[in-house]
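1. can you look at this prediction? I've put the sequence above it.
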Amino acid sequence: MRQLPNESAVKVIGRLEAALAGQTAGPTKDTVAREAACPREHEPRMDYRAGRWAGEPLGSEPVEATCRQAQSRFKRPGQFWSRGGDESLLCLETFWRNDRWALLFPQTAFDPARNWEAAWSAEGLRRLAFRVGARDSCGSRNVNESQSSIPTDWSPSSWRRKPAAQMPEYPDAAALADVMAHLARLPPLVTSYEIESLRRQLADAAAGKRFLLQGGDCSESFEDCESDCIAKKLKILLQMSLVLVQGSKLPLIRVGRFAGQYAKPRSADTETRNGLTLPTYRGDMINHAGFTPADRTPDPQLLLRAYERAALTLNFIRSLVDGGFADLHHPEYWQLGFVSRSPLAAEYTRMVQSIGDALRFMETLVGSPVSQINRVDFFASHEGLHLYYEEAQTRQVPRRSGWYNLATHFPWIGERTRRLDGAHIEYFRGIANPIGVKIGPGVSPEEAVALARVLNPANEAGRLTFICRFGAGKVATVLPPLVRAIREAGANVLWCSDPMHGNTETTASGIKTRRFENILAELETAFLVLKDEGAHLGGVHFELTGDDVTECLGGASGVTEADLTRAYRTQLDPRLNYEQAMEMALRLARLMAQNRT
């Protein structure tokens, strides 16, 4: 047991279990069994190396010394609490009296202070105040029992008091109100149980025990709500997840950009053609792509169409998954028609055969099929851009506290709408879903910490994901100070790379595209930077399609500028095609395998 401060608990437990296996029945074996039971039971709390790296006190001696020092200070004549210290202690007492003490110390490495004496300094109290949900150690308190608590100054509509970016202007306010009332009466698209399951899995990803794969269309269209299109999205995500499982040796969290991604932020509010200026096209849930006044006028009825298409999409996906479509025994179900001519087909086929052989061998050993792998979880996500739509489907549920956005499992805030005093931050801070925030090269370390404090005041693992989109040329300089600031603040964040949006460019002929080599370069750099900073890449976020399109340049398939017009089908941003997406997964899997510890 004396080796625990120098080695991982897993290694120590392994040696104890090996010793136990080598003992014959008797008192000695009983003693070893008792010794092994304690670290096995408390293994999540015994990451001594991480604690030492974070500057935490280890063992009983620092705690006892701190208690003696606190006792002497309390009893010294003329002592009194400062306002900051008084409020921090009130926060601590609130958690203690409400049996929420464990929320202050989640089982991950953090840096509240370099030692217990420093923890009582102004800086130590400020960092502790972050953990208990205080806005400032000398300011007003905002103590929540968890992220699912209801902030006293929040409601699903409180965002309307804030400046709202990227929101359409509806000419008929009464018609919008009628649609919102209709949406609020319709059944939810997802359940709180599914949302809480995703949160737990994202917490595992933040701890390095899972990996997040999030992908799908830049913007969904109503026309693409058909079985073949939906099945193709599912197939490419399943194939990519199989590759990443093989490389990372971690369970995958599969999250689709589907069943709600019907709105997109735009760089301009209007568009001019041939002297005619109209509102810009903002996605199928807001207006139509045609260039007429009727097409471009925001129509609230489209919100109902978006709900219906999202419901149809989720229903079909659930049916496929529950029916065995995702069964690892039958990866041939996931094949796309044009796969056989891909230069990556042979490597993927070998990988599938290897997994199949391992699966059959395991089933032969146990003498029965491994039924648990005949289905996988799939979660839905979309950018929570259209706040009227999100508000209408934000509800309280029986036997759970807080408000859930039941339109999707995992909504995220875009780079253009993450203003701290804006409407989107106001809405997102009050919902109980796990949430993501896109952060670009313009974010400062101080802003990143402020976002974490506002959006995750209880500092719970799995609540907040930073989706980084910097560009291949900027990620190496922008990401390191952000990681350090988040670590020093003790904030719980899952780091996810979006290597797509920061690498968009326009060709000489005016076609928007992205280069495969730049996407890959940003992804690999983010992976290595996070590793160097003592963190880890916990997920990836891609815009992709299962169709044989030509929208991004390069990759093994060799798409050139001349090829772009051959199958350029996106309404907004360019997507990786099947071959490019699979090559990206294979390259990432190799990187993860090489750096696996």
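-> Yes, it's here. Numbers count the residues shown, from 1 in each chain.
2. for the stretch 101-250 of the chain, which spans come out with low pLDDT?
-> Along the stretch 101-250 of the chain, segments meeting pLDDT under 70 span 101-150.
3. let's see that with 50 instead.
-> Along the stretch 101-250 of the chain, the model assigns pLDDT under 50 to residues 106-127, 131-148.
4. that one: strands as residue ranges?
-> Under the criterion DSSP state E, counting those that start in this stretch, strands of the stretch 101-250 of the chain are mapped to 211-216.
5. mind listing the helices for it?
-> 116-119, 122-132, 173-185, 192-206, 227-248 (DSSP state H, counting those that start in this stretch).
6. can I get the ones you listed in TSV including mean neighbour count and distance to residue 561?
-> All C-beta atoms are positioned from the backbone trio N, CA, C, and that covers glycine. Conversion of the helices of the stretch 101-250 of the chain to TSV gives the following (neighbours: other Cβ atoms under 10 Å; distance: least, Cβ to Cβ, whole Å):
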stretch	mean neighbour count	distance to residue 561
helix 116-119	16	58
helix 122-132	20	49
helix 173-185	14	43
helix 192-206	20	37
helix 227-248	21	24
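7. domain map for this protein?
-> 1-46, 53-143, 191-266+311-594 (automatic domain parsing).
8. lowest average confidence across those, which one?
-> Mean pLDDT values for these show the minimum at domain 53-143, a mean of 54.
9. still on that earlier bit, out of the helices of the stretch 101-250 of the chain, which comes closest to residue 151?
-> Ranking these by proximity to residue 151 (Cβ to Cβ) places helix 122-132 first, at 14.6 Å.
10. give me the element the residue nearest to the spatial centre of the chain is part of.
-> The centroid of the chain falls nearest to residue 465 when counting by Cα atoms, centre = their mean (4.1 Å). According to DSSP states H and E, residue 465 maps onto strand 464-468.
11. so what secondary structure elements neighbour the helix or strand that that strand is followed by?
-> Next in sequence after strand 464-468, counting helices and strands by DSSP H and E, comes helix 475-489. On a contact count with 3 or more Cβ pairs under 8 Å, 6 or more residues apart in numbering; DSSP states H and E, helix 475-489 meets helix 445-455, strand 464-468, helix 516-532.
12. now the angle from the last one to strand 464-468?
-> Pointing back at helix 516-532 there. 130 degrees (axes from the mean of the first three to the mean of the last three Cα atoms, to 10 degrees).
13. one more: the first one?
-> Our comparison of helix 445-455 with strand 464-468, counting by the same axes, to 10 degrees, yields an angle of 150 degrees.
14. and residue 463, backbone torsions?
-> When read as degrees, to the nearest 10, the backbone of residue 463 gives phi -80, psi -40.
15. can you get me a residue count around it?
-> 25 (other Cβ atoms under 10 Å).
16. look up how far residue 457 lies from it.
-> Taking Cβ to Cβ, to the nearest Å as the measure, residue 463 falls 9 Å from residue 457.
17. circling back: pick the most buried one from the helices and strands packed on helix 475-489.
-> strand 464-468 (a mean of 25; mean count of other Cβ atoms under 10 Å).
18. which helices and strands sit right next to that one?
-> Strand 464-468 packs on strand 435-439, helix 445-455, helix 475-489, strand 494-497, going by 3+ Cβ pairs under 8 Å, 6+ apart.
19. can I get those in a markdown table with distance to residue 89?
-> A markdown table is the format used below for those (distance: least, Cβ to Cβ, whole Å):
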| stretch | distance to residue 89 |
| --- | --- |
| strand 435-439 | 31 |
| helix 445-455 | 20 |
| helix 475-489 | 21 |
| strand 494-497 | 31 |
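20. of all these, which one is nearest residue 400?
-> Among the helices and strands packed on strand 464-468, the nearest to residue 400 by Cβ to Cβ is strand 435-439 (16.8 Å).
21. the closest one pairs with which strands, and in what direction?
-> Using DSSP bridges, strand 435-439 pairs in its sheet with strand 410-413 (parallel), strand 464-468 (parallel).
22. residues contacting the strand holding residue 465, please?
-> 202, 212, 412, 434-439, 448, 452, 455-456, 475, 479, 482, 486, 491-498, 526, 538-539, 541 (Cβ atoms under 8 Å, 6 or more residues apart in numbering).
23. tell me how far that strand lies from the chain's centre.
-> What separates the centre of strand 464-468 from the centre of its chain is 6 Å, taken as Cα atoms, centre = their mean, to the nearest Å.
24. how far off helix 475-489 does that strand point, in degrees?
-> 160 degrees.
25. CA atoms only: put strand 464-468 into CSV for me.
-> What follows is strand 464-468, C-alpha atoms only, in CSV (Å, rounded to 0.1, in the frame of the first residue of the first chain):
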residue,chain,number,x,y,z
LEU,A,464,-19.7,21.4,-20.2
THR,A,465,-17.8,20.7,-23.4
PHE,A,466,-15.6,23.2,-25.1
ILE,A,467,-15.7,22.5,-28.9
CYS,A,468,-12.5,24.2,-30.2
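26. quick one, it and helix 192-206 angle?
-> Using the same axes, to 10 degrees: strand 464-468 against helix 192-206 is 60 degrees.
27. show me where the stretch 301-450 of the chain has helices.
-> 301-322, 345-366, 387-392, 423-428, 445-455.
28. these two touch, right, residue 463 and residue 436?
-> No: using Cβ atoms under 8 Å, residue 463 is not in contact with residue 436; the gap is 10.3 Å.
29. give me the number of residues near residue 271?
-> Residues near residue 271, counting by other Cβ under 10 Å: 14.
30. next: residue 391.
-> So residue 391, with other Cβ under 10 Å, has 21 neighbours.
31. what's the distance between it and residue 430?
-> Residue 391 is 11 Å from residue 430, by Cβ to Cβ.
32. list residues touching both of those two?
-> residue 156.
33. what's the closest of the helices and strands packed on strand 464-468 to residue 503?
-> helix 475-489 (10.0 Å).
34. next, the buried residues of that closest one.
-> Neighbour counts over helix 475-489 (16 or more other Cβ atoms under 10 Å) mark 475, 478, 479, 480, 482, 483, 485, 486, 487, 489 as buried.
35. could you export these as TSV, including distance to residue 311?
-> Shown next, in TSV, are the buried residues of helix 475-489 (distance: Cβ to Cβ, whole Å):
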residue	distance to residue 311
475	38
478	39
479	38
480	43
482	38
483	39
485	41
486	37
487	41
489	40
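36. let me know the closest of these to residue 509.
-> For the buried residues of helix 475-489, the nearest to residue 509 is residue 475 (28.2 Å; Cβ to Cβ).
37. surely the closest one meets residue 519?
-> No: in this structure, residue 475 is not within contact of residue 519 by Cβ under 8 Å, at 11.4 Å.
38. quick one: residue 293 from residue 443, how far?
-> Residue 293 is 38 Å from residue 443, by Cβ to Cβ.
39. of these two, who's got more company?
-> residue 443 (19 against 9).
40. which one is that one nearest to, not counting chain neighbours?
-> Once flanking residues are discounted, residue 443 sits nearest to residue 482: 7.0 Å by Cβ to Cβ, 6 or more residues apart in numbering.
41. please report how far that neighbour lies from residue 591.
-> 21 Å.
42. next: residue 263.
-> Counting by Cβ to Cβ, the gap from residue 263 to residue 591 is 34 Å.
43. who's more crowded, the two?
-> residue 263 (26 against 18).
44. in three-state terms, label that one for me.
-> coil (DSSP: H, G, I helix; E, B strand; the rest coil).
45. and what of residue 551?
-> Residue 551 - assigned by three-state DSSP - is coil.
46. burial count for the residue nearest to residue 515 when sequence neighbours are not counted?
-> The spatially closest residue to residue 515, leaving aside those adjacent along the chain, is residue 553, at 4.9 Å (Cβ to Cβ, 6+ apart). Using other Cβ under 10 Å, residue 553 is surrounded by 23 other residues.
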